[in-house]
Structure formats: C-alpha cells, structure tokens
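Enquirer: dropping a prediction and its sequence here:
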Amino acid sequence: MDYQITTRALDKTDNVFFKSMLQLIQNQLTQKWSYEESAHIILVDLEQPEGIEFWISKPRDVFLIAYARQNFYRAEWFLQKPLRIQPLLQLLNSLAMLQPAQLLINSPPITDQPAPPPESSSVASVPAAALPPIPSLFSKAMSESEGKNKNWLDNKLEYFEPSIYLLGLLQESLVAARPRRFSCLGSAPLYILPHENRCFSAVTKMQQLDPLQKNLYSSYAKNIKVIDFTPEELLAEVQKNALRAYPMNTALWLATLHCSHGRLMLGQPPDSVIRLKYWPNFVVLPHDTVHVGLAAFMLKNTASLITIAQKTHTTLETVVDFFNACKMIGLTIEEPANESRLVDKKIAEPKRRTLKDILNRLLR
Amino acid sequence: MSEIKLVFTGSAGAGKTTAISTISEIPVINTDVRSNDFTTHLIRQSIETSRKETITVAMDYGELTLDDGQKLRIYGTPGQQRFDYMWKILIKGALGLIILVDNAGSDPVGDLARYLDNFREFIKETSAVVGITRMDLSPEPNLEIYHEYMQSHGIRLPIYSVDARSRDSVVMLIHALVAMLEYG
C-alpha cells in the first residue's frame, strides 16, 4: 500500500531534510511512503505558532503527528526534533501497521494540555502509540499498599528542577531584584518588577491562557529571551503597551503549574505530610475546578500526596503540580510523615449530588 | 427532600442583598427599608447612609432552580446584631454559610470575629466561606490580616476578596463552599 504524508509549519530546512530523509529510508520502510503537498497524514511543527494554531483547530479527517522537542501536547503520535533517521523509520513503520481506516479517517486525540517531558530522549523519539501504555501515577499509587507507597514517589518520579524553566529565571530575577522582560516565540512577554512584587502582561485573562501563552510558562529557560530594564524603563513599557498588572505570585504560580508535570521539586521529601497554611487566593491564581477541591482538602487535612490524591479522587500528577505551585508561593506547611491528621468527615451521597447540582448550575 | 438552602450573612452594607441578586433567578425578595427611617443612635453609628440607602432588617430571599427541578433557596440575614434572633432561624438546615465582611466598615476584622463566633456551631458541623467586600475602596486590612486572625484562632476557611456585584465573585465563593463541604 502507498502512503502519502505532508508537513505543516516546518521551517524550510526541516522540510527539506524531511523530504530527503523520506527518500533515503524508502528501502527500509515496510510500505511505500511519499511526500505530497496535500495528504491526510500531516507532520505538524508544534514549536511554530502556525503549527500550534493548526493543531488546536482540531482539523477533521486528517491524521496528525506532532513534531517538537518535547511532547507537550500529549500527542498520540510524536516525532522528536531534530529529525533523525531511526525515529522517523520507526514512526512510519508503526503507522503502516495501523488499519488504513484508522489512519485516514480517524484523527488522533488532540489536547491543548501540555504533557510531561519524556523520561529520556530514546523514549521521546519513539512514537508514543508504539510504546506500551504507561499506567498513570495515580492508578499505580492506588494499586500499591500504603506501606509500599512510602518511598514510591522517591523511586518512580523524576524530579523537577525549576532552574531550567521560566520559573528558574523568575526566581533568579526576584533574588537579584532585577526588573526584566521574558519572551518566547508567539507568547505575549511577561515583565516583572521585583521591588513592587508585581508582574505585567498584555494577557487580560490569566485564567484562560491560550496554548501560545501557556508556552511561555512551560518553556525551558534556554528558549526564553531575557531583557534587563531599569524600573523606570519597565514602567514606561507597561504604560506604552497598556499592560495589565498582576501580583508576582500569579507568574510564579503559573510557571510552576505549567512546568512541573507531576514531578516533585528537587530536594522535596516525597513522604512528608502537607497542609495548606491558608486558602489560595484563586482570584489572582489561575486554576481549574479540581484545584478548589484540593485546596479544601489540604486546608483541613494534613496528609501525604498519595493520600490527598486518593481522598480527592485526583491524579497524583495533578496533586503534585498543585502542591508545587502552592509551595512556590509559600502556602504549604510540611510535617514529618507520622504527623498525618485526617478529618473524619463523611458526606451523604444525596447531599453530595445536591452540591454538585448547585455547582453545575452556577458554573454553566 | 428537605429544603435546600444557602445562607449569606455579614455586616451591614457588606453586599449580601447584592450578592444574592447576582445568582437568584427571581428578583430578590427583601424587607429593606430606607436607613433614614432608623433614628436610633446605634444604627446611625453602624451604617454609613451615604453609601447604602437601605438596610435589611429581616431577611433577603432568592431562588435558583436546579436541573432536577429542586429549588435552591438563598437567604440573607439582617446585618444588625439587634436582629440576630433571625440568624438561628435562617441557618437551621442550611447546606452552608457565606460570610461577607465590609472592608470599609469601622472594624472589619471584629465583624468577621463576631460572625464566626455567632455561627461557630454551624461552621463546625458544616462549613463556611468568607468574602471580603469593598477592598477596592479600603485595601486595609489586607487579606493577610484576616488569614492571621483566622490562623491564630485555629479557623481554616476559604477567604476571598470579592465584588458582591459580580456573579463570578459570588460563584467563586459558592464553589469554595461546595469544595469545603465535600472535601474539607
């Protein structure tokens, strides 16, 4: 069977490489593949604004393959940058094993939620669907006994090192008290004014960041352009561009939520028990519905991350991200593992349903 | 099924009536009267008539129909302490409590303390959420002060700066309340 593939938003060099590589590997492919200007199977560069826009537009009747350095969009089919022969071979041969109907009619699931970076480059370069399914951290945690869970996070999770992300740049700038501008391709820049504990952005609704904006908060530091300002210059920029002011915590919170990817911060003991010092000010801290439930539980209970996940029926990744964000802005209190204190509160099912009905009605 | 109700309480002028009206699907039924009608020294002291021309002396009432046809009844208590006999009647059987505090009042932290104390048993059994209003007009005391007060009294409740005129603000309070009832 002959397969046709095209590309979207790849830069000129990558496109030329891709076409050449496709020619080069023809005799190693299980099926014949050709490059066409228009095809159902499309390799999309998710590091280009045009590629991101195309991806999130969820086009119908096409089969999309994400092309980027990291699989931030949880694409089912993913090819890691830079282009290399072996991963491309694996990708195309794996695709050729799908039923033609699957390949040409069904689009892959698309999400605008960034995903954790892959564990290693070798994993990253293999199409995700060709790998055995990885059980979620939560289901894994649930399947283990409490005792075995004790060191589970420590053994299984990669750690999260803020310094390699925007978050590290923000922290460094705060420590050095340097007014700065941070920008990366396609995102509105973020300005910070440490001595006023404020930041500024053209984004009017931090609560509803589009994927391009999220890109800045999840970016690696090496991809972010940093410009130093004097406070006067920065405020002049703010005025000139009519930027909106936010508390510094908003930027720290967002940067943590978008780059921790379910990993504990480096040096964080995985078995400590945690509670919130006080309620997060969600008016200025962009959040999802699930975060409100986590805040409620963590305000009243002192518990391990795994217990929090179990009791709130939330994935462990989400709990860890929320914990990291709360810790980053000083909302958490940590205690030794044996200090766990849970409020014995049971809510009757009819009452739970009524509460959900009220919320659904109000949030509609 | 027994009555499903939420109760808004808080200091006079904190915006209880306004908050209820943002989520009620019926015009809020209230027993507001012009505050100029009140001549007692006590009431004149507690209300700045220039910014709130009416005060609630009995209660507010609003409604919201849920998807299954049941009515959520939303009550607002009278703000003045002299009408506190109404508070116990209104709070009986409520799902939860929303306390609004006017930050531009003469003693907002004291107001919060009073409402937390008055509804102590109810809060212990169910839950509550605190909304601080008019922080745009009077930024002090800031939220940190309220947090410190609650921490020092071992009270762990959600607290927000809210605009009682904004539906989003009121929904955010109720969202936090629902989360506290379920997980807190």
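Expert: Looks like it arrived, so ask away.
Enquirer: contacts and neighbour counts: CA atoms only from here.
Expert: Will do.
Enquirer: which parts of chain B sit against chain A?
Expert: By Cα under 8 Å from any Cα of the partner chain, the residues of chain B that approach chain A are B:23, B:66-67, B:72, B:147, B:151, B:156-161, B:171, B:174-176, B:178-184.
Enquirer: ok, residue A:16 - contacts?
Expert: Residues near residue A:16 by Cα atoms under 8 Å, 6 or more residues apart in numbering or on different chains: none.
Enquirer: one more: residue A:338?
Expert: Listed by Cα under 8 Å, 6+ apart, the contact partners of residue A:338 are residue A:273.
Enquirer: just the buried subset of the residues of chain B next to chain A, written out for PyMOL, thanks.
Expert: Restricted to buried positions by 16 or more other Cα atoms under 10 Å in any protein chain shown, the PyMOL selection for the residues of chain B next to chain A reads:
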select buried, chain B and resi 23+66+72+147+156+157+158+159+160+161+171+174+175+176+178+179+180+181+182+183+184
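Enquirer: inside strands: which ones of the residues of chain B next to chain A?
Expert: Among the residues of chain B next to chain A, the subset assigned to strands under DSSP state E consists of B:72, B:159, B:160, B:161.
Enquirer: got CSV for the residues you listed, with pLDDT too?
Expert: Supplementary listing: these in CSV, determined by pLDDT from 0 to 100:
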residue, pLDDT
B:72, 95
B:159, 96
B:160, 94
B:161, 94
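Enquirer: can I get those residues in JSON lines with distance to residue A:96?
Expert: Converted to JSON lines, those look like this (distance: Cα to Cα, whole Å):
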{"residue": "B:72", "distance to residue A:96": "56"}
{"residue": "B:159", "distance to residue A:96": "56"}
{"residue": "B:160", "distance to residue A:96": "55"}
{"residue": "B:161", "distance to residue A:96": "57"}
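Enquirer: farthest-apart pair in the residues you listed, please.
Expert: Within those, B:72 and B:161 form the most distant pair, 24.5 Å apart (Cα to Cα).
Enquirer: now do the phi/psi pair for residue A:98.
Expert: Note on residue A:98: its backbone torsions stand at phi -70, psi 160 [degrees, to the nearest 10].
Enquirer: how much space between it and residue A:25?
Expert: Using Cα to Cα, to the nearest Å, one obtains 19 Å as the distance from residue A:98 to residue A:25.
Enquirer: and the two? Which one has more around it.
Expert: Comparing residue A:98 with residue A:25 by neighbour count (other Cα atoms under 10 Å in any protein chain shown), the higher total belongs to residue A:25, at 15 against 11.
Enquirer: isn't that one right up against residue A:89?
Expert: Yes - with contact defined as Cα atoms under 8 Å, residue A:25 counts as touching residue A:89 (7.0 Å).
Enquirer: could you list the low-confidence segments of chain A?
Expert: A:70-74, A:101-158 (pLDDT under 70).
Enquirer: what does it have sitting close to chain B?
Expert: Counting by Cα under 8 Å from any Cα, chain A comes close to chain B at A:278-283, A:292-294, A:296-301, A:312, A:343, A:345, A:347, A:352, A:355-359, A:361-363.
Enquirer: and these, which are buried?
Expert: Buried members of the residues of chain A next to chain B, scored by 16+ other Cα under 10 Å, are A:278-280, A:282, A:292-294, A:296-301, A:312, A:355-359, A:362.
Enquirer: of these, which belong to helices?
Expert: The helices in this structure, assigned by DSSP state H, contain A:292-294, A:296-300, A:312, A:355-359, A:362 from these.
Enquirer: where along chain B do the strands fall?
Expert: B:4-10, B:29-34, B:54-65, B:71-76, B:96-102, B:128-133, B:159-162.
Enquirer: please read the previous query as pertaining to the stretch 51-200 of chain A.
Expert: According to DSSP state E, counting those that start in this stretch, the stretch 51-200 of chain A carries its strands in the segments A:63-68, A:78-80, A:180-183, A:190-193, A:198-201.
Enquirer: in CSV, list these along with distance to residue A:218 and mean neighbour count.
Expert: CSV is the format used below for the strands of the stretch 51-200 of chain A (distance: least, Cα to Cα, whole Å; neighbours: other Cα atoms under 10 Å in any protein chain shown):
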stretch, distance to residue A:218, mean neighbour count
strand A:63-68, 14, 26
strand A:78-80, 17, 26
strand A:180-183, 12, 22
strand A:190-193, 13, 26
strand A:198-201, 16, 21
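Enquirer: number of nearby residues for residue A:45?
Expert: Look at residue A:45: counted by other Cα under 10 Å, it has 26 neighbours.
Enquirer: that one touches residue A:67, doesn't it?
Expert: Yes - counting by Cα under 8 Å, residue A:45 sits close enough to residue A:67 to count as a contact (4.7 Å).
Enquirer: check contacts around residue A:22.
Expert: When contacts are counted by Cα under 8 Å, 6+ apart, residue A:22 is found next to A:33, A:34, A:35.
Enquirer: how much space between residue A:68 and residue A:75?
Expert: Applying Cα to Cα to residue A:68 and residue A:75 gives a distance of 10 Å.
Enquirer: please read the previous query as pertaining to residue A:297.
Expert: 32 Å.
Enquirer: how about residue A:198?
Expert: Separation of residue A:198 from residue A:75 (Cα to Cα): 35 Å.
Enquirer: could I get the contacting residues of the residue of the stretch 51-200 of chain A found nearest chain B?
Expert: As assessed by Cα to the nearest Cα, chain B sits closest to residue A:197 within the stretch 51-200 of chain A, at 15.2 Å. Counting by Cα under 8 Å, 6+ apart, residue A:197 makes contact with A:247, A:248.
Enquirer: which phi and psi values does it adopt?
Expert: With angles defined as degrees, to the nearest 10, residue A:197 sits at phi 60, psi 40.
Enquirer: all helices in chain B, in order from the N-terminus.
Expert: Across chain B, reading from the start of the chain, the helices by DSSP H fall at B:16-23, B:41-46, B:85-91, B:108-118, B:120-125, B:143-152, B:167-183.
Enquirer: nearest to residue A:175, out of these?
Expert: Of all these, helix B:143-152 sits nearest to residue A:175, with 22.5 Å by Cα to Cα.
Enquirer: now for the closest one, which elements pack on it?
Expert: Helices and strands in packing contact with helix B:143-152 are listed as strand B:159-162; criterion 3 or more Cα pairs under 8 Å, 6 or more residues apart in numbering or on different chains; DSSP states H and E.
Enquirer: find the nearest non-adjacent residue to residue A:228, please.
Expert: Beyond its immediate neighbours in the sequence, the residue positioned closest to residue A:228 (Cα to Cα, 6 or more residues apart in numbering or on different chains) is residue A:180, lying 4.6 Å away.
Enquirer: please look at that neighbour and residue A:232 and confirm they touch.
Expert: No - counting by Cα under 8 Å, residue A:232 is not a contact partner of residue A:180; they are 11.5 Å apart.
Enquirer: and residue A:4, that one's in a strand?
Expert: Yes - in this structure, residue A:4 lies within a strand as judged by DSSP: H, G, I helix; E, B strand; the rest coil.
Enquirer: of the contacts of residue A:22, just the buried ones, PyMOL syntax please.
Expert: Only the buried entries of the contacts of residue A:22 go into this PyMOL selection, using 16+ other Cα under 10 Å:
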select buried, chain A and resi 33+35
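Enquirer: distance from stretch A:7-21 to the middle of the chain?
Expert: The chain centroid and the centroid of stretch A:7-21 are separated by 26 Å, computed with Cα atoms, centre = their mean, to the nearest Å.
Enquirer: can you show me the CA trace of it as CSV?
Expert: The C-alpha coordinates for stretch A:7-21 follow below in CSV (Å, rounded to 0.1, in the frame of the first residue of the first chain):
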residue,chain,number,x,y,z
THR,A,7,4.1,18.7,6.6
ARG,A,8,2.7,21.7,8.3
ALA,A,9,4.6,24.7,9.7
LEU,A,10,8.0,23.1,9.4
ASP,A,11,10.7,25.6,8.6
LYS,A,12,12.4,25.4,5.2
THR,A,13,15.4,23.5,6.4
ASP,A,14,13.4,20.9,8.3
ASN,A,15,11.1,20.5,5.4
VAL,A,16,14.0,19.8,3.0
PHE,A,17,15.5,17.4,5.5
PHE,A,18,12.3,15.6,5.9
LYS,A,19,11.8,15.1,2.2
SER,A,20,15.3,13.9,1.7
MET,A,21,15.2,11.6,4.7
